[in-house]
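**Student:** A structural model of the following input is requested.
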Amino acid sequence: MKFTRCATLLFALSCPAFAADTLPAAPQAKAVSVVTGATPESYISHPMQRDARGIWSWTSAPLAPDLYEYFFNVDGLRTIDPSGAMPKPQRQVNTSLILVPGSLLDVRQVPHGELHALTYHSQALNAERQLYVWTPPGMEKMRDPLPVLYFWHGFGDSGLSAVAQGRIPQIMDNLLAEKKIVPMLVVMPDTETDAPGIVPEDYIPAERRKAFYPRNAAAADRELMQDIIPLISQRYQVRQDAEGRALAGLSQGGYQALVSGMSHLDQIGWLGSFSGVTTETVPNAAVSAQLAQGAQVNQQLKNFTLAIGERDSVTGADIAGLKQQLEQQSIHFDYDAYPQLGHEMAVWRPAYIKFVQKLFR
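**Tutor:** Below you'll find the model as predicted:
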């Protein structure tokens, strides 16, 4: 099974279409459909038609440039595209991706930064860990220390999520080429610590906010302060002041950014939560204590950004509660609500793009 862009893609990058067809690998299947959309609320099932050769096909309407999610339903069995080149980075892979060119997500002919995979021993977790670092082009010739953005992915995704689905390397290359951001490092840790007793798959959904999220956030915070920030300082010439350090994340990663940011406010100058879990549903004493000191938060943070899809049924209440709390404490913040969207990358990539252009100026 695979998706192939139709020929119109070559001539109309602003509104291409794509087609789906299966290899003749399911000749006995009774019903095959391709399901598009990023959330259960936005899933649309498109019945595929089988021709005389036993090949199933479906062609979409024109699509705007973006990175889209899809999967196949074969007689009730959900499956990824086995011929697709872009599986979604997940801990249990069940979704495929397809890029429709024409946006900041493209690999353009611009100066390219480098993507480094760093493997290290975490003293905090007593485990071998890996993270990814995007470095700007020409970094080796830069004399001044660089600021750093630490960015965490969401629940269920893998450490490669920010790279492959978030498209952070391409976004940063293109924004820097357009002079819309300043040179910086982007560090992408694995949000899941997988420490003993804190493996996400061991928790049923009803127990995640009660037990898993707070335990994992505490472990990840220790890893950040004891291992990751020292590692980045050792490997790269980076700024050590609070205004040279930003934290952000999406969904579970947004909770991580909030917990670590508020727990170490004196070391953070910029904070972003995109559809993040908050203390509205996962209490944290350090965060609550810090948010009660609105004047101190305003003095320390250069920017505090919240973003949410208006139809987000996963963390909509979390962000709404945090927004109300910030307003009550007179804490300055930017708020971006994305109409007609839910808990999905169609919110998080634009939110990241907007947030990163504010940083370190």
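**Student:** Packing partners of the strand or helix carrying Lys354?
**Tutor:** Assigning secondary structure by DSSP states H and E places Lys354 in helix 345-356. Other elements packing on helix 345-356 under the criterion 3 or more CB pairs under 8 Å, 6 or more residues apart in numbering; DSSP states H and E are strand 66-74, helix 168-177, strand 245-250, strand 270-274, strand 303-309, strand 334-338. Bear in mind the C-beta positions are built from the backbone N, C-alpha and C, glycine included.
**Student:** can you tell me how far Val74 sits from Val187?
**Tutor:** 40 Å (CB to CB, to the nearest Å).
**Student:** got a pLDDT number for the nearest residue to Pro283 once chain neighbours are set aside?
**Tutor:** Leaving aside its sequence neighbours, Pro283 sits nearest to Pro214 (CB to CB, 6 or more residues apart in numbering; 7.6 Å). Here, the pLDDT recorded for Pro214 equals 97.
**Student:** where does the residue at the greatest distance from the centre of the chain land in three-state SS?
**Tutor:** Residue farthest from the centre of the chain, counting by CA atoms, centre = their mean, is Ala52 at 42.2 Å. Assigned by DSSP: H, G, I helix; E, B strand; the rest coil, the conformation of Ala52 is coil.
**Student:** Just the pLDDT at it, thanks.
**Tutor:** 83.
**Student:** Then the one 4 residues further on?
**Tutor:** Looking at Trp56, its pLDDT stands at 86.
**Student:** for the one 4 residues further on, same thing?
**Tutor:** Ser60 carries a pLDDT score of 91 in this model.
**Student:** what do you get for Pro82?
**Tutor:** On pLDDT, Pro82 comes in at 84.
**Student:** Around it, how many other residues sit close by?
**Tutor:** Residues lying near Pro82 (other CB atoms under 10 Å) number 13.
**Student:** and it, how far is that from Thr281?
**Tutor:** 37 Å.
**Student:** Please apply the same query to Glu207.
**Tutor:** Relative to Thr281, and taking CB to CB, Glu207 is found at 13 Å.
**Student:** Give me the more crowded residue out of those two.
**Tutor:** Each of Glu207 and Thr281 has its neighbours counted (other CB under 10 Å); Thr281 has more, 15 against 11.
**Student:** just checking, that one touches Gly316?
**Tutor:** No: counting by CB atoms under 8 Å, Thr281 does not reach Gly316; the two are 10.9 Å apart.
**Student:** picking that back up, of Val74 and Val187, which one has the most company?
**Tutor:** More crowded of Val74 and Val187, by other CB under 10 Å: Val187, with 26 against 18.
**Student:** per-residue confidence averaged over the host helix or strand of that one?
**Tutor:** Using DSSP H and E, Val187 falls within strand 185-188. Strand 185-188 comes out with an average pLDDT of 98.
**Student:** what helices or strands is it leaning on?
**Tutor:** strand 127-135, strand 148-152, helix 168-177.
**Student:** Tabulate the ones you listed in CSV, adding columns for mean neighbour count.
**Tutor:** Below are the helices and strands packed on strand 185-188 laid out as CSV (neighbours: other CB atoms under 10 Å):
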stretch, mean neighbour count
strand 127-135, 18
strand 148-152, 26
helix 168-177, 21
